[in-house]
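Chemist: Structural data only, the sequence is not supplied:
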(Lines give C-alpha, C1' and ligand atoms only; values in the text may rest on other atoms or scores of the structure.)
Protein backbone atom coordinates (compact mmCIF):
# COMPACT_ATOMS: atom_id res chain seq x y z
CA UNK A 1 0.00 0.00 0.00
CA UNK A 2 2.49 2.66 -1.24
CA UNK A 3 5.02 1.84 1.47
CA UNK A 4 2.55 2.36 4.29
CA UNK A 5 3.16 0.09 7.25
CA UNK A 6 -0.10 -1.59 8.23
CA UNK A 7 -0.94 -3.60 11.32
CA UNK A 8 -1.55 -7.31 11.05
CA UNK A 9 -5.10 -8.61 10.85
CA UNK A 10 -6.42 -9.51 14.26
CA UNK A 11 -7.50 -13.14 14.70
CA UNK A 12 -9.99 -12.11 17.34
CA UNK A 13 -13.17 -10.53 15.92
CA UNK A 14 -14.40 -7.40 17.63
CA UNK A 15 -18.04 -6.29 17.82
CA UNK A 16 -17.31 -4.06 14.84
CA UNK A 17 -15.19 -6.38 12.75
CA UNK A 18 -15.50 -6.24 8.97
CA UNK A 19 -16.24 -9.88 8.35
CA UNK A 20 -16.32 -9.74 4.54
CA UNK A 21 -16.32 -7.42 1.55
CA UNK A 22 -20.11 -7.13 1.69
CA UNK A 23 -19.78 -5.42 5.08
CA UNK A 24 -17.31 -2.97 3.60
CA UNK A 25 -19.35 -2.13 0.54
CA UNK A 26 -22.53 -1.53 2.55
CA UNK A 27 -20.74 0.79 4.97
CA UNK A 28 -19.13 2.73 2.13
CA UNK A 29 -22.37 2.94 0.15
CA UNK A 30 -24.27 4.28 3.17
CA UNK A 31 -21.49 6.74 4.02
CA UNK A 32 -21.00 8.07 0.49
CA UNK A 33 -24.73 8.80 0.08
CA UNK A 34 -24.94 10.89 3.23
CA UNK A 35 -26.11 14.40 2.44
CA UNK A 36 -23.28 16.40 3.95
CA UNK A 37 -20.42 18.55 2.74
CA UNK A 38 -17.67 16.20 3.89
CA UNK A 39 -15.09 14.95 1.42
CA UNK A 40 -15.83 11.51 -0.04
CA UNK A 41 -12.41 10.69 -1.45
CA UNK A 42 -10.79 7.27 -1.06
CA UNK A 43 -8.70 8.27 1.93
CA UNK A 44 -11.86 9.55 3.60
CA UNK A 45 -13.49 6.17 3.06
CA UNK A 46 -10.54 4.49 4.79
CA UNK A 47 -10.86 6.88 7.74
CA UNK A 48 -14.60 6.20 7.91
CA UNK A 49 -14.05 2.44 8.06
CA UNK A 50 -11.32 2.83 10.67
CA UNK A 51 -13.65 4.98 12.73
CA UNK A 52 -16.32 2.32 12.48
CA UNK A 53 -14.08 -0.55 13.59
CA UNK A 54 -12.27 1.72 16.08
CA UNK A 55 -8.79 0.66 14.99
CA UNK A 56 -6.27 1.02 12.21
CA UNK A 57 -7.09 -1.44 9.46
CA UNK A 58 -4.56 -3.89 8.07
CA UNK A 59 -2.97 -3.77 4.62
CA UNK A 60 -5.25 -6.57 3.44
CA UNK A 61 -8.30 -4.73 4.73
CA UNK A 62 -7.06 -1.51 3.10
CA UNK A 63 -6.93 -3.32 -0.24
CA UNK A 64 -10.50 -4.55 0.26
CA UNK A 65 -11.71 -1.06 1.20
CA UNK A 66 -9.99 0.43 -1.84
CA UNK A 67 -11.65 -2.00 -4.27
CA UNK A 68 -15.08 -1.66 -2.69
CA UNK A 69 -14.79 2.12 -2.72
CA UNK A 70 -14.05 2.07 -6.45
CA UNK A 71 -17.00 -0.26 -7.05
CA UNK A 72 -19.41 1.88 -5.03
CA UNK A 73 -18.44 5.10 -6.80
CA UNK A 74 -18.78 3.44 -10.22
CA UNK A 75 -22.12 1.87 -9.29
CA UNK A 76 -23.53 5.14 -7.99
CA UNK A 77 -22.27 7.02 -11.06
CA UNK A 78 -23.81 4.46 -13.41
CA UNK A 79 -27.15 4.40 -11.58
CA UNK A 80 -27.49 8.19 -11.38
CA UNK A 81 -26.25 8.82 -14.92
CA UNK A 82 -28.51 6.24 -16.54
CA UNK A 83 -31.52 7.52 -14.62
CA UNK A 84 -30.86 11.06 -15.83
CA UNK A 85 -30.10 9.88 -19.37
CA UNK A 86 -33.27 7.78 -19.55
CA UNK A 87 -35.38 10.63 -18.15
CA UNK A 88 -34.09 12.76 -20.99
CA UNK A 89 -34.52 10.08 -23.65
CA UNK A 90 -38.06 9.28 -22.48
CA UNK A 91 -39.14 12.89 -22.93
CA UNK A 92 -41.89 12.70 -25.54
CA UNK A 93 -41.36 16.34 -26.51
CA UNK A 94 -38.02 15.41 -28.10
CA UNK A 95 -38.23 15.44 -31.88
CA UNK A 96 -36.52 12.24 -32.96
CA UNK A 97 -35.50 13.65 -36.35
CA UNK A 98 -33.69 16.54 -34.69
CA UNK A 99 -32.24 15.04 -31.52
CA UNK A 100 -31.47 11.39 -32.23
CA UNK A 101 -28.82 11.86 -34.94
CA UNK A 102 -26.98 14.25 -32.61
CA UNK A 103 -27.30 11.85 -29.69
CA UNK A 104 -25.90 8.93 -31.66
CA UNK A 105 -22.90 10.95 -32.81
CA UNK A 106 -22.43 12.24 -29.27
CA UNK A 107 -22.41 8.75 -27.79
CA UNK A 108 -20.04 7.56 -30.49
CA UNK A 109 -17.58 10.33 -29.60
CA UNK A 110 -17.13 9.59 -25.89
CA UNK A 111 -14.44 7.08 -25.04
CA UNK A 112 -13.61 7.88 -21.43
CA UNK A 113 -14.85 9.56 -18.27
CA UNK A 114 -12.63 12.49 -19.20
CA UNK A 115 -14.57 12.85 -22.45
CA UNK A 116 -17.82 13.03 -20.49
CA UNK A 117 -16.34 15.66 -18.19
CA UNK A 118 -15.34 17.81 -21.16
CA UNK A 119 -18.85 17.71 -22.63
CA UNK A 120 -20.79 18.68 -19.48
CA UNK A 121 -20.72 22.39 -20.30
CA UNK A 122 -20.72 22.02 -24.07
CA UNK A 123 -23.92 23.61 -25.37
CA UNK A 124 -23.64 21.51 -28.54
CA UNK A 125 -24.06 18.28 -26.55
CA UNK A 126 -27.60 17.15 -25.81
CA UNK A 127 -27.32 14.05 -23.63
CA UNK A 128 -24.10 14.63 -21.68
CA UNK A 129 -25.23 18.01 -20.40
CA UNK A 130 -28.27 16.30 -18.83
CA UNK A 131 -26.38 13.58 -16.94
CA UNK A 132 -25.59 15.34 -13.69
CA UNK A 133 -27.35 16.85 -10.76
CA UNK A 134 -25.68 19.92 -9.31
CA UNK A 135 -22.03 19.15 -8.67
CA UNK A 136 -21.83 15.84 -10.57
CA UNK A 137 -20.71 14.17 -7.34
CA UNK A 138 -19.77 10.70 -8.56
CA UNK A 139 -18.28 11.74 -11.89
CA UNK A 140 -16.22 14.34 -10.06
CA UNK A 141 -14.93 11.72 -7.63
CA UNK A 142 -13.75 9.67 -10.61
CA UNK A 143 -12.15 12.61 -12.40
CA UNK A 144 -10.49 13.93 -9.23
CA UNK A 145 -8.86 10.56 -8.46
CA UNK A 146 -7.11 9.75 -11.72
CA UNK A 147 -4.41 7.66 -10.06
CA UNK A 148 -7.04 5.42 -8.50
CA UNK A 149 -9.62 5.10 -11.27
CA UNK A 150 -7.44 5.41 -14.38
CA UNK A 151 -3.84 4.65 -13.51
CA UNK A 152 -4.31 1.66 -11.18
CA UNK A 153 -3.88 -1.45 -13.38
CA UNK A 154 -5.95 -3.76 -11.16
CA UNK A 155 -9.00 -1.52 -11.65
CA UNK A 156 -8.69 -0.97 -15.40
CA UNK A 157 -11.06 -3.81 -16.36
CA UNK A 158 -13.59 -2.84 -13.69
CA UNK A 159 -13.65 0.83 -14.69
CA UNK A 160 -13.89 -0.01 -18.38
CA UNK A 161 -16.79 -2.39 -17.78
CA UNK A 162 -18.90 0.29 -16.09
CA UNK A 163 -18.16 2.79 -18.84
CA UNK A 164 -19.08 0.24 -21.52
CA UNK A 165 -22.29 -0.60 -19.69
CA UNK A 166 -23.26 3.06 -19.60
CA UNK A 167 -22.56 3.59 -23.27
CA UNK A 168 -24.27 0.37 -24.40
CA UNK A 169 -27.34 1.13 -22.26
CA UNK A 170 -27.64 4.63 -23.69
CA UNK A 171 -27.22 3.40 -27.26
CA UNK A 172 -29.81 0.72 -26.65
CA UNK A 173 -32.21 3.29 -25.21
CA UNK A 174 -31.72 5.61 -28.19
CA UNK A 175 -32.50 2.77 -30.60
CA UNK A 176 -35.45 1.69 -28.50
CA UNK A 177 -36.86 5.21 -28.62
CA UNK A 178 -36.16 5.31 -32.35
CA UNK A 179 -38.10 2.09 -32.92
CA UNK A 180 -40.93 3.28 -30.70
CA UNK A 181 -41.32 6.55 -32.57
CA UNK A 182 -41.11 4.86 -35.96
CA UNK A 183 -43.77 2.42 -34.82
CA UNK A 184 -46.01 5.30 -33.82
CA UNK A 185 -45.64 6.83 -37.28
CA UNK A 186 -44.07 9.98 -35.89
CA UNK A 187 -41.47 10.22 -38.65
CA UNK A 188 -41.63 11.07 -42.32
CA UNK A 189 -39.35 10.38 -45.27
CA UNK A 190 -36.95 13.27 -44.60
CA UNK A 191 -36.61 12.32 -40.96
CA UNK A 192 -36.02 8.69 -41.88
CA UNK A 193 -33.15 9.75 -44.11
CA UNK A 194 -31.57 11.74 -41.28
CA UNK A 195 -31.86 8.81 -38.90
CA UNK A 196 -30.42 6.38 -41.45
CA UNK A 197 -27.37 8.62 -41.94
CA UNK A 198 -26.84 8.89 -38.16
CA UNK A 199 -27.23 5.14 -37.66
CA UNK A 200 -24.82 4.45 -40.48
CA UNK A 201 -22.18 6.73 -38.90
CA UNK A 202 -22.48 4.96 -35.57
CA UNK A 203 -22.45 1.51 -37.12
CA UNK A 204 -19.14 2.17 -38.85
CA UNK A 205 -17.60 1.23 -35.50
CA UNK A 206 -19.07 -2.24 -35.96
CA UNK A 207 -18.68 -2.53 -39.71
CA UNK A 208 -16.92 -5.90 -39.33
CA UNK A 209 -20.24 -7.44 -38.30
CA UNK A 210 -21.49 -9.61 -41.18
CA UNK A 211 -25.15 -8.90 -40.37
CA UNK A 212 -24.60 -5.16 -40.58
CA UNK A 213 -22.68 -5.48 -43.83
CA UNK A 214 -25.45 -7.55 -45.39
CA UNK A 215 -28.19 -5.10 -44.37
CA UNK A 216 -26.26 -2.05 -45.56
CA UNK A 217 -25.23 -3.69 -48.83
CA UNK A 218 -28.75 -4.83 -49.59
CA UNK A 219 -30.31 -1.51 -48.62
CA UNK A 220 -27.86 0.94 -50.17
CA UNK A 221 -26.78 -0.85 -53.35
CA UNK A 222 -27.84 1.31 -56.31
CA UNK A 223 -29.52 3.86 -54.01
CA UNK A 224 -28.86 7.24 -52.51
CA UNK A 225 -30.03 8.31 -49.07
CA UNK A 226 -32.49 10.68 -50.72
CA UNK A 227 -34.22 7.67 -52.30
CA UNK A 228 -35.61 6.50 -48.96
CA UNK A 229 -39.24 7.27 -48.37
CA UNK A 230 -41.52 6.55 -45.41
CA UNK A 231 -41.93 2.83 -46.12
CA UNK A 232 -38.43 1.65 -46.97
CA UNK A 233 -36.85 4.17 -44.61
CA UNK A 234 -38.75 2.74 -41.66
CA UNK A 235 -37.88 -0.78 -42.74
CA UNK A 236 -34.15 -0.01 -42.81
CA UNK A 237 -34.30 1.80 -39.47
CA UNK A 238 -35.98 -1.22 -37.92
CA UNK A 239 -33.37 -3.59 -39.32
CA UNK A 240 -30.40 -1.48 -38.22
CA UNK A 241 -31.80 -0.69 -34.78
CA UNK A 242 -32.76 -4.31 -34.15
CA UNK A 243 -29.26 -5.46 -35.02
CA UNK A 244 -27.72 -2.88 -32.70
CA UNK A 245 -30.01 -3.87 -29.87
CA UNK A 246 -28.78 -7.44 -30.04
CA UNK A 247 -26.41 -8.36 -27.23
CA UNK A 248 -23.63 -9.46 -29.55
CA UNK A 249 -23.51 -6.21 -31.47
CA UNK A 250 -23.65 -4.05 -28.37
CA UNK A 251 -20.52 -5.83 -27.18
CA UNK A 252 -18.83 -5.05 -30.47
CA UNK A 253 -19.67 -1.34 -30.61
CA UNK A 254 -16.42 0.43 -29.79
CA UNK A 255 -16.19 2.67 -26.75
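Modeler: Right, received. Where do you want to start? Because the structure is a prediction, the values reported are computed rather than measured.
Chemist: Tell me where the stretch 1-150 of the chain has helices.
Modeler: 21-32, 42-53, 59-89, 96-109, 113-119, 137-144, 146-149 (DSSP state H, counting those that start in this stretch).
Chemist: Pick out the shakiest of these, pLDDT-wise.
Modeler: With a mean of 75, helix 96-109 has the lowest mean pLDDT of these.
Chemist: before we move on, back to that, compare the helices of the stretch 1-150 of the chain and report which one is nearest to residue 126.
Modeler: Proximity to residue 126 (C-beta to C-beta) singles out helix 96-109 among the helices of the stretch 1-150 of the chain, at 5.4 Å. No exception for glycine: its C-beta is placed from N, CA and C like everyone else's.
Chemist: List the buried residues of the closest one.
Modeler: Within helix 96-109, the residues that count as buried by 16 or more other C-beta atoms under 10 Å are 96-97, 99-101, 103-104, 106-108.
Chemist: If we only consider those residues, which is nearest to residue 63?
Modeler: The closest of the buried residues of helix 96-109, once distances to residue 63 are taken by C-beta to C-beta, is residue 107, at 34.6 Å.
Chemist: hang on, isn't the closest one packed against residue 171?
Modeler: Yes: assessed by C-beta atoms under 8 Å, residue 107 is found in contact with residue 171 at 5.7 Å.
Chemist: got any ranges where the stretch 101-250 of the chain has weak pLDDT?
Modeler: The stretch 101-250 of the chain contains residues with pLDDT under 70 at 133-135, 179, 182-250.
Chemist: where do the strands sit along it?
Modeler: Assigned strands in the stretch 101-250 of the chain: none (criterion: DSSP state E, counting those that start in this stretch).
Chemist: so what's residue 158 up against?
Modeler: 70-71, 74 (C-beta atoms under 8 Å, 6 or more residues apart in numbering).
Chemist: re earlier: quick one: which of the helices of the stretch 1-150 of the chain is nearest residue 180?
Modeler: Each of those has some distance to residue 180 by C-beta to C-beta; the shortest is helix 96-109, at 9.0 Å.
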